[in-house]
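>>> Predicted model and sequence follow; I will ask about them next.
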Amino acid sequence: MQVIIIGSGCGVPSLRRGSPGMLLKTDKENILFDTGAGTLRKLLEIDITYHDIDYIFYSHLHPDHTLDLVSFLFAMKYAGSPRRKDLHLIGPDGFRDFYDSLLEVYGNTIQPELYELYLKEIGEGEHKYSDWKLLTKRLPHTEVSLGYRIELGDKRITYSGDTEYCQNIVALARDVNLLILECSFPEEVKGHLSPSSAGRIAKESNCHKLVLTHLYPICDQSDILNQCRKEFEREVVVAEDLMRFEM
Ligand SMILES: [Zn+2]
Ligand SMILES: [Zn+2]
């Protein structure tokens, strides 16, 4: 299994960092979390096309996490190479209304034709898929934001989406091999994490390795790595686009 950070940035344009997206590659499936602008194109750099994605999960519906959904659905209808494989789209409460409003705007240009689209809203809980399991908890960012914990065999990964410090993210990250946390700004800002609060979550959850992502440009002018290391003694990595973690 591999985890690949597709975009390590946020919604602010950056030549270094794309908008949020994370790919989980198992032996059987490609599972994508969030699709910020540019995700679809960036995936080509690791030889993944719109044909190859099996699941897309959304942490919340902010533009920096969802903009490329339209690009995916539009590309999948390209007559020269249309998608024919089922697609699973999963998001928090309100995701169906969100999708329906996209259909209202873009109509037939994004409406699935040659493939089945299974759209599902999920809340907190445990969800079973082929050979992996998902645990979700609400995180304080929007009213419906979800954090994801993926378990496959003895491997455990947590992806926060956007959040601030809370017990739910600590619980979701308990003992994981890899904890991928947003770290928006060097200083604490409501609704987001700083290097210190990310480090605190990593420490309290007893995760093995911490990855900081969703970095605003200001993070690159600050020593966020050492700020975080003051809280968490194990390995901390500042994400870059297309950074890959072998599990
Ligand atoms: Zn957000
Ligand atoms: Zn965001």
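Yes, it's here. Numbering: from 1, shown residues only. Ligands and ions are numbered 1, 2, ... in the order given.
>>> contacting residues for the most centrally placed residue in the chain?
In the chain, the residue lying closest to the centroid (CA atoms, centre = their mean) is residue 33, at 3.5 Å. Contacts for residue 33 were tallied using CB atoms under 8 Å, 6 or more residues apart in numbering; they are 21-24, 56-59, 148, 159, 161. For glycine as for every other residue, the C-beta is placed from the backbone atoms N, C-alpha and C.
>>> Point out the residues in this structure that sit beside ligand 1.
62, 162 (CB under 5 Å from the ion).
>>> Spell out the residue ranges of the helices in the chain.
With DSSP state H as the definition, the chain shows helices at residue ranges 39-43, 63-66, 68-75, 95-106, 167-172, 195-205, 224-229.
>>> can I get the ones you listed in CSV with mean neighbour count and mean pLDDT?
Shown next, in CSV, are those (neighbours: other CB atoms under 10 Å; pLDDT from 0 to 100):
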stretch, mean neighbour count, mean pLDDT
helix 39-43, 22, 98
helix 63-66, 20, 98
helix 68-75, 20, 98
helix 95-106, 13, 98
helix 167-172, 19, 98
helix 195-205, 23, 98
helix 224-229, 18, 98
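>>> Residue 127 is nearest to which of those helices?
The minimum distance between residue 127 and the helices of the chain falls on helix 167-172, with 13.3 Å, by CB to CB.
>>> Throw the contacts of residue 33 into TSV and include pLDDT and distance to ligand 2, thanks.
Listed next are the contacts of residue 33 as TSV, based on pLDDT from 0 to 100; distance: CB to the ion, whole Å:
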residue	pLDDT	distance to ligand 2
21	98	11
22	98	12
23	98	17
24	98	19
56	98	16
57	98	15
58	98	11
59	98	8
148	98	15
159	98	12
161	97	7
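>>> now the residue nearest to the centre of the chain: how far from ligand 1?
To ligand 1, residue 33 is 13 Å away according to CB to the ion, to the nearest Å.
>>> burial count for the nearest residue in space to that residue that is not next to it in sequence?
Distance criterion CB to CB, 6 or more residues apart in numbering; nearest residue to residue 33, sequence neighbours excluded, is residue 22 at 4.5 Å. By other CB atoms under 10 Å, 25 other residues sit near residue 22.
>>> Next up, the contacts around residue 22.
Residue 22 neighbours (CB under 8 Å, 6+ apart): 3-6, 32-34, 159, 180, 213.
>>> circling back: can you list the helices of the chain in a markdown table and add distance to residue 139?
Output for those, formatted as a markdown table (distance: least, CB to CB, whole Å):
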| stretch | distance to residue 139 |
| --- | --- |
| helix 39-43 | 21 |
| helix 63-66 | 13 |
| helix 68-75 | 20 |
| helix 95-106 | 16 |
| helix 167-172 | 6 |
| helix 195-205 | 11 |
| helix 224-229 | 19 |
